[in-house]
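*Asks:* Give me the fold of what follows.
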Amino acid sequence: MRNCAKLAVVVTAVVVASAVAREASSAEWQAYRAKVVRELRAKDFARLEVTTRGLASFDGQAAAGVAIELLHHRNRRVSGAAQDALRQMRSPRSTQAMVAAFARPRSTAVRIALLRAFRGKRDARVNALLPRCLEVFSDAPQLVATLEAVEANAVASAAPKVVGLLDRRQKFAVRLSAVRALARTAGAVEVPALIGCLDPSEGRIRHEAAAALRALTGRMFGAEKSLWVKWWSGAARNAELVRAAPRVRGGPAAIARAAGKEDSRYHGIPVQAKRVIFILDKSDSMKRGTPRSRMETAKDELCRVIRSLDEDVRFNVIFFASRAIQWRPNRLVPANRLSRESAAMFIGGANPYGQTNTPQAMEMALTIARNHDAETIFLLTDGGPCVDGHFLEMDKVCAEITSANEFLKVRINVIGILHGAGGEASRRSKEPPREALRTFLRRLAAENEGRFVEL
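*Replies:* Reported below is the predicted structural model:
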């Protein structure tokens, strides 16, 4: 990673090389570029973040070149601001600079940042580039970033390549992103591939495919594959797709309604997934509650939902207090009768103690998701994240979890036990106020395509 002094030299060189660009000749731009260089050399990252975002207002080759160099900055807030600035740039000159940089990236992270910046750019050069990327890339993060750009730009020419990524050998995140891209790009030729995703053995993919088919055709057959096959085998296959909507919006509830299927529910949230992880807080505060404790009530509900799982579902259970512990280390287990009863015994033996190490539990769950393609996580907790006696900054914890999940596409549903939170016992232990905890849990769910339920 380049240090700030080297970046300052490169930023200066970029501007000199781009002096022919219109914005580089203005006194205003020269002054702004000098400000970027000063803040780089002074390592004034808070100001540099704001200044970097302001590059978007110049929207030209030189400003884009500076923003591209700042993508390499080791401070994530500065590199994130550079990415945001590039997304806002729309001029042909700035797009040309991005396409040129994409052809010779110095890291995968920069290439992914540029793919994000391509979203919403209805530029012929960008949209010709994206289908080729789907042929060349093989790793999940770059494929997901490309598919998201294809979806955002509705690149119809990419649809045949997108269909190939529905293959079950692909990672879950790639397949999910492919279904979503087809909702914006598919023609009649690609509809059978989406119908093929309605197999009952699919989890969230099935629900997303049903929503995509509804958006493309206007038909409301839910996730019933036989109805779609019957309809498509008739005259309908020659009909023009209506694209009633680019994609079913409104989160998991809207997807479930489009799919038209009732699943097992956990605290009112449909499970839907075929690979799922349940995380349960067993910190000391879970002793609270009358006539039965929060812990006993939570254990009963978790045992109930696990016993209701179909046998083609694979699952795991994680408890966390001062540290996290898994029922079955780093694996997902088929929900047969023996495993369901084994999990129920593990749950029944849990006793509250200690603190609320949410980050460790989520890291453990996302590691399982990365290794075994989990689709959904359910997190139940009654407190703010706390490690070694110190309550953590909840915005930072949320951002770190969301970043770790970006290319996994795991849905994180959150159940918060908030009655009694923020009371006298909470104030004595310096726990976060109830409203701050509610905001954290709701944001964690919203940023990871999940639902938040307050108990």
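*Asks:* which residues touch the residue nearest the centre of the chain?
*Replies:* Nearest to the mean C-alpha position of the chain, by C-alpha atoms, centre = their mean, lies residue 406 at 4.0 Å. Residue 406 is in contact with residue 141, counting by C-beta atoms under 8 Å, 6 or more residues apart in numbering. Where C-beta positions appear, they are placed from N, C-alpha and C, glycine not excepted.
*Asks:* Residue 161 now?
*Replies:* Per C-beta under 8 Å, 6+ apart, neighbours of residue 161: 131, 134, 135.
*Asks:* how about it, secondary structure?
*Replies:* helix (DSSP: H, G, I helix; E, B strand; the rest coil).
*Asks:* Just the pLDDT at the residue nearest to residue 334 when sequence neighbours are not counted, thanks.
*Replies:* Nearest non-adjacent residue to residue 334, counting by C-beta to C-beta, 6 or more residues apart in numbering: residue 314, 5.5 Å away. Residue 314 carries a pLDDT value of 98.
*Asks:* how near is residue 274 to residue 309?
*Replies:* Distance of residue 274 to residue 309, given as C-beta to C-beta, to the nearest Å: 10 Å.
*Asks:* who has more neighbours, the two?
*Replies:* residue 274 (25 against 21; other C-beta atoms under 10 Å).
*Asks:* Check what pLDDT the more buried one gets.
*Replies:* Note on residue 274: pLDDT of 96.
*Asks:* got the contact list for the closest residue in space to it that isn't next to it in sequence?
*Replies:* In space, and not counting its chain neighbours, residue 274 is closest to residue 203: 3.4 Å by C-beta to C-beta, 6+ apart. Residues near residue 203 by C-beta under 8 Å, 6+ apart: 272, 273, 274, 275, 313, 375, 376.
*Asks:* What about residue 201, how many residues nearby?
*Replies:* For residue 201, using other C-beta under 10 Å, the count is 10.
*Asks:* if we can go back for a sec, what distance do you get for the residue nearest to the centre of the chain to residue 141?
*Replies:* 8 Å.
*Asks:* Any of the contacts of residue 161 buried? List them.
*Replies:* Neighbour-count burial within the contacts of residue 161 applies to 131, 134; the criterion is 16 or more other C-beta atoms under 10 Å.
*Asks:* Can I get the contacts of residue 161 in TSV including pLDDT?
*Replies:* As requested, these are exported to TSV (pLDDT from 0 to 100):
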residue	pLDDT
131	96
134	96
135	95
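*Asks:* So which of the contacts of residue 161 are in helices?
*Replies:* Residues of the contacts of residue 161 located in helices (DSSP state H): 131, 134, 135.
*Asks:* Nearest to residue 441 among these?
*Replies:* Nearest to residue 441 among the ones in helices among the contacts of residue 161 is residue 134, at 36.3 Å by C-beta to C-beta.
*Asks:* The closest one against residue 145, yeah?
*Replies:* No: if you go by C-beta atoms under 8 Å, residue 134 and residue 145 don't touch, sitting 11.0 Å apart.
*Asks:* Once you drop chain neighbours, what's closest to residue 441?
*Replies:* Leaving out its chain neighbours, the residue that sits closest to residue 441 by C-beta to C-beta, 6+ apart is residue 416, at 4.3 Å.
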